[in-house]
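Q: structure here, sequence nowhere to be found:
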């Protein structure tokens, strides 16, 4: 879920900055294939996240997801570490994603 929330926050920031074309490079193969619709989502808790990301993706003229293996993602890990210790000036504008799970499936 943390991977999806990070992706959602990044997409929202790009939308707020009026970005029209976006290249997303992630080390989560699962997230990328879920969002592209290439793999079925088996965990019911993840379905709302995938749908939310897919809806946000519609706001871009062009968006592409690329997978990079974790072993080749050392720079991203370093940047994430630095980002986690710096207060971002736009944090007041980032709303947390609140997902409520119902006891019954949507189609019931």
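A: Ah, there it is. Since we're looking at a predicted model, the values are computed, not measured. Residues are numbered from 1 along each chain as shown.
Q: is it true that residue 10 touches residue 23?
A: No. Counting by C-beta atoms under 8 Å, residue 10 stays clear of residue 23, with 11.5 Å between them. C-betas here are computed from N, CA, C, even on glycine.
Q: between the two, who's got more neighbours?
A: A direct count of neighbours by other C-beta atoms under 10 Å for residue 10 and residue 23 places residue 10 higher, at 15 against 9.
Q: show me what counts as buried in whatever helix or strand that one lives in.
A: For residue 10, the enclosing helix or strand under DSSP states H and E is helix 2-16. By neighbour count with 16 or more other C-beta atoms under 10 Å, helix 2-16 contains the buried residues 3-4, 7-9, 11-12, 14.
Q: list just the nearest of these to residue 58.
A: Among the buried residues of helix 2-16, residue 11 lies closest to residue 58 (C-beta to C-beta), at 10.5 Å.
Q: spit out the contact partners of that closest one.
A: Residues near residue 11 by C-beta atoms under 8 Å, 6 or more residues apart in numbering: 22, 53, 56-57, 59.
Q: just to revisit the earlier point, in CSV, list the buried residues of helix 2-16 along with distance to residue 69.
A: Formatted as CSV, these follow (distance: C-beta to C-beta, whole Å):
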residue, distance to residue 69
3, 15
4, 19
7, 18
8, 23
9, 23
11, 22
12, 26
14, 24
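Q: max pairwise distance over these: which two?
A: 3 and 14 (16.7 Å).
Q: re the thing from before, tell me which helix or strand comes right after the helix holding residue 10.
A: Scanning forward in sequence from helix 2-16 by DSSP H and E, the next helix or strand is strand 21-26.
Q: all set now, cheers.
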